[in-house]
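J.: Predicted model and sequence follow; I will ask about them next.
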Amino acid sequence: MVGTRPYPDEPAGPFPSPTTTFDDREGRPIEIAAEADFADALDDVVDMYAQFDPTDRAQGIPPTGEARIRNWLETIADESVNVVARHGEDVVAHATLVPDTDDPQAIEDRGDVEWELAIFVLQDYQRAGIGTRLLEHLLGHASDIGIEQVWLTVERWNNPAIALYERVGFESTGTESFEQEMAIRLE
Amino acid sequence: MREIRLLALEYLLRGITVFVRGYTRMCMNVLVGLVGSDESIKTLRRTIDRTREVGDELTVAVVEKPEAKRSQTEMTEQAETLLSETNIDAEIITLEGDPGSSLVDYAEQGEYDQLVIGGGTLSPMGKIQLGPITEFVLLNAPTTVKLVR
């Protein structure tokens, strides 16, 4: 499949693979793990988004209300690639890649498809170094399973998020609208 | 007794007056802009629904967007079909040149109360995405702009 978006010529990385544990800047023990079967973690992730402050929503996601949150996650669950950060039993951050294809069942080589990235960190756990670690481990996991092209959109005025994406190797593509589109190539 | 009857009649007449005023205020002169995408079809259908309900004056503008799913001619033909199927009498015009700019310019020349356009697409993730034409229209149109989701 020929991609529709421009990607950097040079691959970024290498990125670390999950699982990992570390103490965040508040001294809280955090575990980052890939979810081989997202259905197992779904309830915990729904709980996280149910607590998520809607002022930090981006372009309509996450939705609000548990039913709508569950519906959204179930819609993307089957073919998405997911990494979560836990503090004890609780999920405190979630990062996901969703394939840009009308027929996810037909994916033969993950390297042939473009993957859309989103990451959300629960408000109490922001600015503690969790988002950066989670993002790096999602990209490491993606690279491990053969994903090469990852893109995202971010609201153009969200400078902290854009700076984070640039730090790990995302480059802005030339779109001119409210959302800044960014892309990264993995090894 | 007679006074009460007169009062009732007066209230009835007032009631009718209020209703007529409300009705005339709801009617608008609406311009809908279409680029030739699936969202354009949805936007036109929704606008037709409202037009039928409240009796708006409707003008349909088909802009020039070469990379769109439907050509300007195809989009115009589909709009004609949808309008005739629903018995809506609306003028269809085609606009040449930059889609956002030509649409805003046309809206500015006419006496339109509202400009209606498609309100964005959803990414695979479910994120709402507004394209550059939508952004241009929102930031430049002097009229109220309605985004159809």
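T.: Thanks, I have it.
J.: give me every residue that touches the most centrally placed residue in chain A.
T.: Centroid-nearest residue in chain A, with Cα atoms, centre = their mean: A:A95, separated by 3.0 Å. By Cβ atoms under 8 Å, 6 or more residues apart in numbering or on different chains, the residues touching A:A95 are A:82-84, A:117-120, A:134-135, A:137-138. Every C-beta, even on glycine, is put in place using the N, C-alpha and C of the backbone.
J.: and what of A:F52?
T.: Going by Cβ under 8 Å, 6+ apart, A:F52 touches A:62, A:120, A:122-123.
J.: now B:V145
T.: Residues in contact with B:V145 (Cβ under 8 Å, 6+ apart) are B:114-117, B:137-138.
J.: make it 7 Å
T.: For B:V145, the contact set (Cβ atoms under 7 Å, 6 or more residues apart in numbering or on different chains) comprises B:115, B:117, B:137-138.
J.: Let's see if you can find the most crowded of those residues.
T.: When neighbours are taken as other Cβ atoms under 10 Å in any protein chain shown, the top entry among the contacts of B:V145 is B:I117 (28 neighbours).
J.: If you count neighbours, what's buried in the helix or strand B:E80 falls within?
T.: Using DSSP states H and E, B:E80 maps to helix B:72-85. Within helix B:72-85, the residues scored as buried using 16 or more other Cβ atoms under 10 Å in any protein chain shown are B:72, B:75-76, B:78-79, B:82-83.
J.: now do stretch A:125-132
T.: For stretch A:125-132, the buried set under the neighbour-count rule, 16+ other Cβ under 10 Å, comprises A:125-126, A:128, A:130-131.
J.: which one of the residues you listed sits closest to B:R50?
T.: When the buried residues of stretch A:125-132 are compared for distance to B:R50 (Cβ to Cβ), A:Q126 wins out at 42.1 Å.
J.: The lengthiest strand in chain A pairs with which strands?
T.: Longest strand in chain A by number of residues (criterion: DSSP state E): strand A:90-99. Paired neighbours of strand A:90-99 in the sheet (DSSP bridges): strand A:81-87 (antiparallel), strand A:114-121 (antiparallel).
J.: Quick one: distance of the shortest one to the chain centre.
T.: Remark: strand A:81-87 is offset 9 Å from the chain centroid, using Cα atoms, centre = their mean, to the nearest Å.
J.: Could you point out the helix or strand that follows the lowest-mean-pLDDT helix or strand in chain B?
T.: Ranked by mean pLDDT, DSSP states H and E, the weakest helix or strand in chain B is helix B:2-26, scoring a mean of 54. Using DSSP H and E, the helix or strand that follows helix B:2-26 in sequence is strand B:29-34.
J.: what does chain B put close to chain A?
T.: Along chain B, the residues adjacent to chain A under the rule Cβ under 7 Å from any Cβ of the partner chain are B:123-132, B:135.
J.: quick one: which of those residues sit in strands?
T.: If you go by DSSP E, these have B:128-129 in strands.
J.: ok, and the most crowded of the residues of chain B next to chain A?
T.: B:M125 (24 neighbours).
J.: quick one, phi/psi of it?
T.: phi -70, psi -20 (degrees, to the nearest 10).
J.: That one against A:I119, yeah?
T.: No - if you go by Cβ atoms under 7 Å, B:M125 and A:I119 don't touch, sitting 10.9 Å apart.
J.: follow-up on the earlier one: save the strands paired with strand A:90-99 as CSV, and put in mean pLDDT and mean neighbour count too.
T.: As requested, the strands paired with strand A:90-99 are exported to CSV (pLDDT from 0 to 100; neighbours: other Cβ atoms under 10 Å in any protein chain shown):
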stretch, mean pLDDT, mean neighbour count
strand A:81-87, 98, 23
strand A:114-121, 96, 22
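J.: export the ones you listed to JSON lines and tack on distance to A:R68?
T.: Below are the strands paired with strand A:90-99 laid out as JSON lines (distance: least, Cβ to Cβ, whole Å):
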{"stretch": "strand A:81-87", "distance to A:R68": "19"}
{"stretch": "strand A:114-121", "distance to A:R68": "15"}
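J.: of all those, which lies closest to A:W151?
T.: A:W151 sits nearest to strand A:114-121 of all these, at 5.9 Å, using Cβ to Cβ.
J.: And the next helix or strand past that closest one?
T.: helix A:130-144.
J.: Give me the packing partners of that next one, helices and strands only.
T.: strand A:29-34, strand A:81-87, strand A:90-99, strand A:114-121, helix A:159-168 (3 or more Cβ pairs under 7 Å, 6 or more residues apart in numbering or on different chains; DSSP states H and E).
J.: do the helix or strand following it and chain B meet at all?
T.: Toward the C-terminus, helix A:130-144 is succeeded by strand A:149-155 as the next helix or strand (DSSP H and E). Yes - applying Cβ under 7 Å from any Cβ, one finds strand A:149-155 in contact with chain B at A:T153.
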